[in-house]
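Enquirer: next comes the sequence, and after it the predicted model I'd like to discuss.
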Amino acid sequence: MPKSRPPYPPEFRERVVELLKAGRSGKSLAREFGCTEQSIRDWKKQLEGSGSDAPSNKEQTSSEGEQYRLG
């Protein structure tokens with residue numbers, strides 16, 4: 001049976017994803033930080049889906065909604 005390890009802290013995941021977005025390869029990050037490339041890809045998807053500063057195409061801020069309704 002494989003050993004399980006505690007989940008990586010959110011700050012760790014965010015930092016690794018930042019490095020990935022900055023141009024580092026998933027392979028080099030996985031080797032350096034001791035996680036898998038698949039984990040890094042999963043973290044990136046989770047972070048992109050859960051908290052973006054900009055509204056997505058599906059979402060509008062209230063002022064944008066007002067602009068379209070009034071315009």
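Expert: Cool, got the structure.
Enquirer: which outside residues touch stretch 15-28?
Expert: With Cβ atoms under 8 Å, 6 or more residues apart in numbering as the test, stretch 15-28 has contacts from 29, 33, 35, 37, 40-41, 43-44, 47. Glycine gets a C-beta too; all of them are placed from N, C-alpha and C.
Enquirer: list only those of the residues you listed flagged as buried.
Expert: 29, 35, 40, 43-44, 47 (16 or more other Cβ atoms under 10 Å).
Enquirer: and the end-to-end length of stretch 23-36?
Expert: One end of stretch 23-36 to the other measures 17 Å (Cα to Cα, to the nearest Å).
Enquirer: in the chain, which spans are strands?
Expert: For the chain, applying DSSP state E gives no strands.
Enquirer: quick one, longest helix in it?
Expert: Ordering each helix of the chain by length in residues (DSSP state H) puts helix 37-50 first.
Enquirer: helices or strands up against that helix?
Expert: Under the contact definition 3 or more Cβ pairs under 8 Å, 6 or more residues apart in numbering; DSSP states H and E, helix 37-50 sits against helix 10-21, helix 26-33.
Enquirer: where does the prediction get shaky in this structure?
Expert: The model of the chain has pLDDT under 70 over residues 1-2, 51-71.
Enquirer: rerun at 90
Expert: Applying pLDDT under 90 to the chain flags the ranges 1-7, 49-71.
Enquirer: with adjacent residues omitted, what lies nearest to I40?
Expert: Nearest residue to I40 in three dimensions, chain neighbours excluded: G26, at 4.9 Å (Cβ to Cβ, 6 or more residues apart in numbering).
Enquirer: distance check, L29 against P6.
Expert: 19 Å (Cβ to Cβ, to the nearest Å).
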